[in-house]
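K.L.:
Return a 3D structure for these sequence lines:
(2 chains)
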Amino acid sequence: MTTSAQVETAGRPTEDRLDSTGSRFTRVLGVMVVLMLVMQLALALVISPPEVLQGDAVRLFYLHVPLAIAGGYLGVGLLAVGSIGYLWKRTIFWDLLAASAGELALMFTALTLLTGSLWGRPVWGTYWEWDPRLTLTAVLFVLLIGYRAMRTASTDPHLRARRSAVIGLLAAADVPLIRMSVDWWRGLHQTATLNPLNPSLDGMMLFTFFFSMVTFTVLFVWLLVHRFRVAWLEEQVADRALDEAITQRRAEGQETQ
Amino acid sequence: MWRDALLVAGKDLRIEARSKIALNQIAPFALVVLLLFAFALDPDRGFLQEATPGLFWIAVLLSTLLVVQRSYAVESADGGRDALRLTGLDPAGVFLGKAAAVFVVLAMLEVGLGVGVRLMYDTSLRGWPVLLVATVAATTGLVAAGTMYGALAAGLRVRETLLPLLFLPVVAPVMIGGTRAFAAALDGSSGEAWRWCGLLITFAVAYVALGMLLFEPLLEDS
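P.N.:
Numbers count the residues shown, from 1 in each chain, chains lettered A, B, ... in the order given. Here you go, the predicted structure:
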């Protein structure tokens, strides 16, 4: 978030303007995100009532659930879309889309695990429970770390893009399988599971909840646009540096002749 | 495609037959893992017996990593990978061939590990039909995923460290399914064990299909 804020000065990134990832659209979106987050804070911390059983711990859900949905569904979904797009069209656009989505998914998933643990301590009495959903999220987190590791494993952009795309797809295909396996795994040894969301939500709580979904979706989109542009600029800089190096070597060659 | 697969599998197995790396290094490693479990968990036979399914599959997983690494290491020297690509073999065939060779080696290791747990942990093996089906299905899934990830990591500077990170979380369903199927079979409740075989077969089919589809872009580069 800091990188995008720091470089947000002017103009859409093009070949000629390598100094910014901001544009009119993202600035409007950014202001919207900030306003929505402020409203979200007010709703979640002050306006919405505490829950009957969980008390104030329920407020963590307005952070936890939207993070999980934005990271797990939007992030991993776009990672898969970008990976298929790259293997099909072979353009760097799709690769960078997958990379940006994958990285945001990793961050959101990490925050999901963190907020979930913090909530679990007061409500379940433990930071971690081997519940299907938790186990699935933990495995997803490691899969996304693997995806990022692949992205730093090679400097050849097309080799990296090809292999990352395959990893992205394999990881996305694995998620439903893990889902099945961990559901069955615990299903056989059913322990007391608490229903995380009270089915009869109070009106204000329901509104806060849906508002948080919208807020975090918009936040995700905003971060994605900036992350994508940073990745795009990195590609341009790498290309440019290579061109300059080649020109320099050529000039040296001519001098010695 | 099938002929190509046979050619590649034959090549890998011939190399293994001549170098005997799996026999002389990977099989002893698997044995050491079984010994380590006994050290870590106290040589209390009762507990080791109970934990046998999980320990068996962890030993298999660790061995799979080595077999897969070996399978790609044989091609890293002298541009073997480029040569394989230049033969014009069908990518799906190359995938199936490499996976088949890994399968054969791994199946032999599993027999060794099975004998190992029988003798060292004193586990009585029961429910043979379901044990056999679960092993074949789980092994197919492991080698299909392993062959894919081996190809993904091959040729990179960081291949030795990258492969476990990519491979181990992906095969979590095999680990869970294999362990549960074995535990149920050894308990004598084969109905439950067959249910886990369903998961193992789904995983195996999914990864064989994905491997055949996605192997082509991985063969493109060196």
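
K.L.:
for chain A, which helix is longest?
P.N.:
helix A:203-256 (DSSP state H).

K.L.:
Return the residues of the stretch 151-257 of chain A in contact with chain B.
P.N.:
With Cβ under 8 Å from any Cβ of the partner chain as the criterion, the stretch 151-257 of chain A meets chain B at residues A:153-154, A:156, A:158-159, A:162-163, A:165-167, A:169-171, A:173-174, A:177-178, A:180-182, A:184-185, A:188. Placement of C-beta: from N, CA and C, glycine included.

K.L.:
change it to 10 Å
P.N.:
A:152-156, A:158-167, A:169-171, A:173-174, A:176-182, A:184-186, A:188-189 (Cβ under 10 Å from any Cβ of the partner chain).

K.L.:
for the stretch 1-150 of chain A, same thing?
P.N.:
Residues of the stretch 1-150 of chain A lying near chain B (Cβ under 10 Å from any Cβ): A:83, A:86-87, A:90, A:135-136, A:138-147, A:149-150.

K.L.:
Inside helices: which ones of those residues?
P.N.:
Using DSSP H, the residues of the stretch 1-150 of chain A next to chain B in helices are A:83, A:86-87, A:135-136, A:138-147, A:149-150.

K.L.:
And the longest helix of chain A, how far out from the chain middle?
P.N.:
Offset of helix A:203-256 from its chain centre (Cα atoms, centre = their mean, to the nearest Å): 14 Å.

K.L.:
And that helix, what does it pack against?
P.N.:
Helices and strands touching helix A:203-256, by 3 or more Cβ pairs under 10 Å, 6 or more residues apart in numbering or on different chains; DSSP states H and E, are helix A:2-7, helix A:24-42, helix A:61-69, helix A:76-89, helix A:92-123, helix A:157-187.

K.L.:
ok, 8 Å please
P.N.:
The contact analysis (3 or more Cβ pairs under 8 Å, 6 or more residues apart in numbering or on different chains; DSSP states H and E) places helix A:203-256 against helix A:2-7, helix A:24-42, helix A:61-69, helix A:92-123.

K.L.:
Those: lowest mean pLDDT?
P.N.:
When those are ranked by mean pLDDT, helix A:2-7 comes last with a mean of 42.

K.L.:
which residues of the chain score low on pLDDT?
P.N.:
Reading this off chain A. By pLDDT under 70, the low-scoring segments of chain A are A:1-20, A:186-201, A:256-257.

K.L.:
should've been chain B
P.N.:
Using pLDDT under 70, chain B drops low at B:43-45, B:221-222.

K.L.:
Near chain A, which residues of it are found?
P.N.:
Counting by Cβ under 8 Å from any Cβ, chain B sits next to chain A at B:145, B:148-149, B:152-153, B:156-158, B:162, B:165-166, B:169-170, B:172-173, B:176-177, B:180, B:192, B:195-196, B:199, B:202-203, B:206, B:210, B:214, B:217-218, B:220-221.

K.L.:
Just the buried subset of those, please.
P.N.:
B:145, B:148-149, B:152-153, B:156, B:162, B:165-166, B:169-170, B:172-173, B:176-177, B:180, B:192, B:196, B:199, B:202-203, B:206, B:210, B:214, B:217-218, B:221 (16 or more other Cβ atoms under 10 Å in any protein chain shown).

K.L.:
Contacts only, for residue B:212.
P.N.:
Contacts for residue B:212 (Cβ atoms under 8 Å, 6 or more residues apart in numbering or on different chains) come out as B:92, B:95, B:96.

K.L.:
wouldn't the first one be in contact with residue B:8 here?
P.N.:
No - here residue B:92 lies out of contact with residue B:8, judged by Cβ atoms under 8 Å, at a distance of 10.9 Å.

K.L.:
The two: who's more crowded?
P.N.:
residue B:8 (23 against 20; other Cβ atoms under 10 Å in any protein chain shown).

K.L.:
Over to that one: give its phi and psi.
P.N.:
phi -70, psi -40 (degrees, to the nearest 10).

K.L.:
ok, it touching residue B:93?
P.N.:
Yes - Residue B:8 is in contact with residue B:93 according to Cβ under 8 Å; the separation is 6.8 Å.

K.L.:
number of nearby residues for residue A:29?
P.N.:
Neighbour number of residue A:29 under other Cβ under 10 Å is 18.
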